[in-house]
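Asker: Okay, here's the prediction I keep looking at, along with the sequence it came from:
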Amino acid sequence: MIRITAAPRRRTGRRWSVLTPLPIPTLPDPAPVLPANGPGPGPEAGEGLRAMGVTVRFGGTTAVDGAALTAPPGTVTGLVGPAGSGKTTLCDVLTGLCRPARGTVRLDGAELTGRPPHERARCGLARTFQRPTAFWSLTVRENVRLAAEIHAVTRRPPGRSARDRWRRRRAARHAAGEVADALLERVGIAAYAQRPAGSVPPEVARLLELARALAARPRALVLDEPWADLSEPRGRALEVLVRDLAAEGPAVLLTGSDLEALIGVCDVLYVLDAGRVVASGPPVEVRADPRVRSL
Ligand SMILES: Nc1ncnc2c1ncn2[C@@H]1O[C@H](COP(=O)(O)OP(=O)(O)OP(=O)(O)O)[C@@H](O)[C@H]1O
C-alpha cells in the first residue's frame, strides 16, 4: 500500500522571504493638517523631502538631469520651469511613480528610493496630479472620506483580534466622515459634497484631489500645477491655504510654469530648464538671476 504523507516543512531560517515587503521605516506621527489639531512639528522636526542627483531618461530624452532639491518642513518650495522642463517627472520620482536611472529620495531622513508609491504614502508623502484623479462615480465626500478611512486604518499596526480590527474599522469610518467634512470646508468645496465626483467642474475636481491628499495627514505634500483650472478667487484662496498648510508643519512642494505667480507664495524656488536645476534660492534672488531671466 502506498501511503501519502505531507512533506516535512523546511525551515529556512531566513527572516524575510522574497515575497515579504521591506519594512516601512518608522517615523513619528505625521504633521496635522486640520486646523483643530494644533501646531505641527515645525521646521526642526526633520529635513523634509529631499531629492539628490536625480536623472531620468525616456529613450533618447533626458527628462531630468542630475537634479537635486530639498523641500524643508514648514515651508513652501516651488519648482518652476517652462513646459517640458521635467517638473512632473521629478514629482513622479519623488512619489515613486517613476524610477530614475540615478539618484535618491529621502523624507525626514528615511530612505524612499526604490520604494513603491503606497509605501511612500504610508511614510507621509501625498500628492496631487496635473490631471486630477478621483473615483468619479463616488461622491466628492465619499472620495475624501475613503482616503481618511484608509489612512486611519493603515497607519497603525493591525489589531490583534478580529473583534479589535472590527472596532478599529468602525471607529475609523466614523471619524473619517468628520475629517472629510472638515477638509471639504477647508478647501472650499463643501457645497459639492454630495455630487458625484465625475459631475463637478474641473476646478472642484482639483480641490477635491487636494482634500483627498490632506486626508492622509501628510508630512510632505507634492502639488503638481495646483492652480491649473482655478478661477481667480479660488486661486487666491489656494495661495492662502498653501501658506497656512505649510505653517502647520508639512513640507509643501508645488510646481508651476509662471515664475511671477509663485513668487508671493513660495519661500524657496528651484528653476528647472531641460531637466537641470539652473537656479535656486529665495524667490526675489531667483528672479534676478540672469540665467532665469534668459529663459
Ligand atoms: N512617459 C514619457 N515618455 C517619454 N518622454 C516623456 C515621458 N514623460 C515625459 N517625457 C518627456 O520628458 C520631458 C519632461 O517632461 P515633464 O512632463 O516632466 O515636463 P514638465 O516640466 O512637467 O512639463 P509640463 O509643464 O508641460 O507638464 C519632456 O520632454 C517630455 O516630453
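Answerer: Perfect, thanks for sending it.
Asker: Please work out which residue of the stretch 101-250 of the chain is closest to the ligand.
Answerer: The minimum distance from the stretch 101-250 of the chain to the ligand, using Cβ to the nearest ligand atom, falls at residue 130 (5.9 Å). Bear in mind the C-beta positions are built from the backbone N, C-alpha and C, glycine included.
Asker: neighbours of the closest residue in space to residue 83 that isn't next to it in sequence, just the number please.
Answerer: Leaving aside its chain neighbours, residue 83 sits nearest to residue 257 (6.3 Å; criterion: Cβ to Cβ, 6 or more residues apart in numbering). By other Cβ atoms under 10 Å, the residues close to residue 257 number 16.
Asker: From start to finish, how long is stretch 128-147 in a straight line?
Answerer: 13 Å (Cα to Cα, to the nearest Å).
Asker: Report the mean per-residue pLDDT for that stretch.
Answerer: Mean pLDDT, computed over stretch 128-147, is 95.
Asker: May I see the buried residues of that stretch?
Answerer: Neighbour counts over stretch 128-147 (16 or more other Cβ atoms under 10 Å) mark 128-129, 132, 134, 139-147 as buried.
Asker: Would you convert those residues into a markdown table that also reports secondary structure?
Answerer: Below are the buried residues of stretch 128-147 laid out as a markdown table (DSSP: H, G, I helix; E, B strand; the rest coil):
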| residue | secondary structure |
| --- | --- |
| 128 | strand |
| 129 | coil |
| 132 | coil |
| 134 | coil |
| 139 | strand |
| 140 | helix |
| 141 | helix |
| 142 | helix |
| 143 | helix |
| 144 | helix |
| 145 | helix |
| 146 | helix |
| 147 | helix |
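Asker: what's the closest of those to residue 238?
Answerer: The shortest approach to residue 238 among the buried residues of stretch 128-147 belongs to residue 128, at 11.2 Å (Cβ to Cβ).
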